[in-house]
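Novice: next one to model:
(one chain, ligands or ions: 2)
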Amino acid sequence: MTIVLDGLPASEGIAAGKIFHLRWGAPIVPHVTVAEAQIEAEVERFHAARSWAKARLLELKRSTEIRLGPVEARIFEPQILMLDDVEVVDGTLRYVRENRLSAERAFEWRMLELQALWSRTSHPMVLDRLNDLQDMVIRVLHRLLGHHDPTDLATLEEGVIIVSRDLTPSLMMQLDPRTVLGIATDHGTRTAHWAILARSLEIPAVVGLGDVTTRAKEGLDAILDGRIGRVVLEPGPEERDSFGSRQRRIDLWEDDVAEIAALESVTADGQYVELRANLDLPEEASQARAHGAVGVGLFRTEFLVVGRNTMPVEEAQYEAYRAVAEAFPSGAVFIRTFDLGGDKFPMFLHMPREENPMLGWRAIRVCLDEPHLFRTQLRALLRATAHGDVRMMLPLVNDVDEVRAVRTLLDEESERLVQEGIPFNTGYKLGVMIETPAAALDAAELARHCDFFSIGTNDLVQYTLAVDRTNTRLAKLYNPFHPAVVRQIHQVARVGRAAGIEVSVCGEMAAHPLGAFLLLGLDITVLSMGWPSLPEIKKMVRDIRIEDARRAARKALAADTSRDVAACLLEGIGTSVDLKVFSGRWSLSVPE
Ligand code: PEP
Ligand code: MG
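Specialist: Ligands and ions are numbered 1, 2, ... in the order given. Model prediction:
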């Protein structure tokens, strides 16, 4: 029987395949003791499982290196080392030999013991090891119990649609787009960081489906539409036809957008709009250019550190930043300093368990508290300024003191580079992301200390409305058209203009046709977005008149509710833009 499940669109594209459950958790291990004669066989089974896990991890490391580069591939190193750790190996063998436990039970006991031991300390390196430990435990236990490795999709003969409760950025790294056609999860949102990575890897995804893990049985046929956020289980001929023709329509539209990417980005009444790309990985730069980006408005640098057990060295960072700068020789490249915390945890940092991680030790707060980590990044960034128009951008800034503190560090690191004779651009630019109401309201002060503002609407909406951007249940309340959001953006744009600094937007709002229309109406003419959206937004830009956008924005600023804001924009954009092309594609809900 056909079942239709609606969630939130997270990564575009249509996929058809069989459901595959990615169960990422420790399995239940039965208590089994073995006969004396069986002991050595259990020892052998344990060693075989270890060797298998190691080979598997090495293979993953190699394929990640080919796909995403050596930096991302290092995610797997700590686990590979841990499989040979004497504490792990000898402890397990002792339980097999002395207590006559089955290999899996002995291994589980030893791991629980080590976890308990290590949890008692708060030393960062030890906590990092706990993280790796859990990942490794799950992999080895599944093997010993004869289960399928939850992330081993290599043996699957046909493409699958992964079903899982949720994912993590490092788990995402292990999925191969050639095998994984689509992803459907119970939880998550479009702005979760693994979803951002899914978009970079071009794997269609639908999130926030609630109970897809219980309703989608393994092996069922399914169609997933990442544009409208729908999963259809056991589709009949009618559904197949409808998705088929939808796919054909999208293909036609995509043929068009390739052409649009080459056109000028100017409104019908002559306003130039600078379109830049948001990148999560340096390797995306070429796709961004092919889709018409003239620069990079946001290069998220977290993927250099998330899932790693050691800090990336200056040289590796410098190479990554330089590669992006060189990919855009005549465009601006905004590189954001590490935005850690929230749902992005590097293993080498002691990230405390927090009640409210989104209000916790995040972004610039982490960097200022970890000067060793931060100075290395600042040096790499300074060095990259020698290779293009590289600008440094600080996330989640709340006040001027934070900018001052960064300037002090930059002055010191610049001085050292001068002494060492290492080239960099002494006229480098430093700006902030406006992501909190505090920053928006304090924009006039911040403008005196910055070279630019980039409005991060994903976080600005979350902090203005007190709605967690990762909470699926609240997705309907996460509304970028709320008058309080619109007025703050207006205020920041006005202040930036008065101060003579550039104001751009790099949140998802810029990739939403109505959102972009509003931003243009507020005189923000530099927009940065995930590169797949660039051609469509350019088409919209070319179809509208800036004067109409300004008029609609003026009305929107006087509106009482999000619904009224959206109505003003819909009226203003009129029929000049075919919104049907975009309809249902975005998780940003347009109030009816
Ligand atoms: C934002 O908050 O709008 C933003 C672009 O940053 P991120 O999505 O990485 O938090
Ligand atoms: Mg942000």
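Novice: run a quick neighbour tally on Leu281.
Specialist: Other residues lying near Leu281 total 20 when counted by other Cβ atoms under 10 Å. The C-beta positions use only the backbone N, C-alpha and C, and glycine is treated the same way.
Novice: would you mind measuring from it to ligand 1?
Specialist: Counting by Cβ to the nearest ligand atom, to the nearest Å, the separation of Leu281 from ligand 1 is 13 Å.
Novice: and for Leu298?
Specialist: On the measure of Cβ to the nearest ligand atom, Leu298 and ligand 1 end up 6 Å apart.
Novice: that's a strand at that residue, yeah?
Specialist: Yes: counting by DSSP: H, G, I helix; E, B strand; the rest coil, Leu298 is part of a strand.
Novice: what residues does this protein have near ligand 1?
Specialist: With Cβ under 6 Å from any ligand atom as the criterion, the chain meets ligand 1 at residues 191, 298, 300, 339, 435, 456-459, 506-507.
Novice: if we use 8 Å, what do you get?
Specialist: Proximity of the chain to ligand 1 (Cβ under 8 Å from any ligand atom) is limited to residues 191, 193, 196, 278, 298, 300, 302, 336, 339, 342, 395, 433, 435, 454-460, 462, 506-509.
Novice: the helices in the stretch 251-400 of the chain, which residues?
Specialist: 285-290, 314-327, 363-369, 371-384, 400-420 (DSSP state H, counting those that start in this stretch).
Novice: so where does Ser454 fall, helix or strand?
Specialist: Per DSSP states H and E: Ser454 is located in strand 452-455.
Novice: pLDDT on that strand, on average?
Specialist: The average pLDDT for strand 452-455 rounds to 98.
Novice: including mean pLDDT and mean neighbour count, could the helices of the stretch 251-400 of the chain go into JSON lines?
Specialist: Below are these laid out as JSON lines (pLDDT from 0 to 100; neighbours: other Cβ atoms under 10 Å):
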{"stretch": "helix 285-290", "mean pLDDT": "89", "mean neighbour count": "18"}
{"stretch": "helix 314-327", "mean pLDDT": "95", "mean neighbour count": "20"}
{"stretch": "helix 363-369", "mean pLDDT": "94", "mean neighbour count": "20"}
{"stretch": "helix 371-384", "mean pLDDT": "96", "mean neighbour count": "21"}
{"stretch": "helix 400-420", "mean pLDDT": "98", "mean neighbour count": "14"}
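Novice: is it true that Ile524 touches Val505?
Specialist: Yes: between Ile524 and Val505 there is a contact under Cβ atoms under 8 Å: 5.6 Å.
Novice: neighbour count: those two, which is higher?
Specialist: Counting neighbours by other Cβ under 10 Å for Ile524 and for Val505 shows that Val505 has the greater number, 30 against 25.
Novice: residues in contact with that one?
Specialist: 454-455, 457, 489, 519, 524, 526-528 (Cβ atoms under 8 Å, 6 or more residues apart in numbering).
Novice: nearest to Pro70 among these?
Specialist: Here the nearest of the contacts of Val505 to Pro70, counting by Cβ to Cβ, is Ser528; it sits at 27.1 Å.
Novice: part of a strand, is the closest one?
Specialist: Yes: with three-state DSSP as the criterion, Ser528 is part of a strand.
Novice: how near is it to Leu519?
Specialist: Ser528 sits at a distance of 11 Å from Leu519 (criterion: Cβ to Cβ, to the nearest Å).
Novice: now list whatever residues contact both of these two.
Specialist: 505, 510.
Novice: now for Thr213, how many residues are close by?
Specialist: 19.
Novice: can you give me the strands for the stretch 201-350 of the chain?
Specialist: 205-207, 221-225, 230-233, 274-279, 296-300, 332-336 (DSSP state E, counting those that start in this stretch).
Novice: format the ones you listed as CSV; extra columns: mean pLDDT and distance to Glu536.
Specialist: Formatted as CSV, those follow (pLDDT from 0 to 100; distance: least, Cβ to Cβ, whole Å):
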stretch, mean pLDDT, distance to Glu536
strand 205-207, 94, 19
strand 221-225, 95, 17
strand 230-233, 94, 20
strand 274-279, 96, 11
strand 296-300, 96, 16
strand 332-336, 98, 22
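Novice: just name the most buried of those.
Specialist: strand 205-207 (a mean of 31; mean count of other Cβ atoms under 10 Å).
Novice: could you pull up phi and psi at Val4?
Specialist: phi -110, psi 120 (degrees, to the nearest 10).
Novice: my bad, Ala293
Specialist: Residue torsions, per degrees, to the nearest 10, at Ala293 are phi -70, psi 140.
Novice: all strands of the stretch 401-550 of the chain, in order?
Specialist: Assigned strands in the stretch 401-550 of the chain, in chain order: 429-434, 452-455, 502-505, 526-530 (criterion: DSSP E, counting those that start in this stretch).
Novice: out of the ones you listed, nearest to Gly7?
Specialist: Gly7 lies closest to strand 526-530 among the strands of the stretch 401-550 of the chain, at 18.9 Å (Cβ to Cβ).
Novice: quick one: list the elements packing against the closest one.
Specialist: If contacts are counted by 3 or more Cβ pairs under 8 Å, 6 or more residues apart in numbering; DSSP states H and E, strand 526-530 sits against helix 193-200, strand 274-279, strand 296-300, strand 502-505.
Novice: can you add distance to ligand 2 and give these back as a markdown table?
Specialist: Below are the helices and strands packed on strand 526-530 laid out as a markdown table (distance: least, Cβ to the ion, whole Å):
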| stretch | distance to ligand 2 |
| --- | --- |
| helix 193-200 | 10 |
| strand 274-279 | 11 |
| strand 296-300 | 9 |
| strand 502-505 | 12 |
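Novice: for Leu359, find the nearest of those.
Specialist: Comparing the helices and strands packed on strand 526-530 under Cβ to Cβ, the one sitting nearest is helix 193-200, at 17.4 Å.
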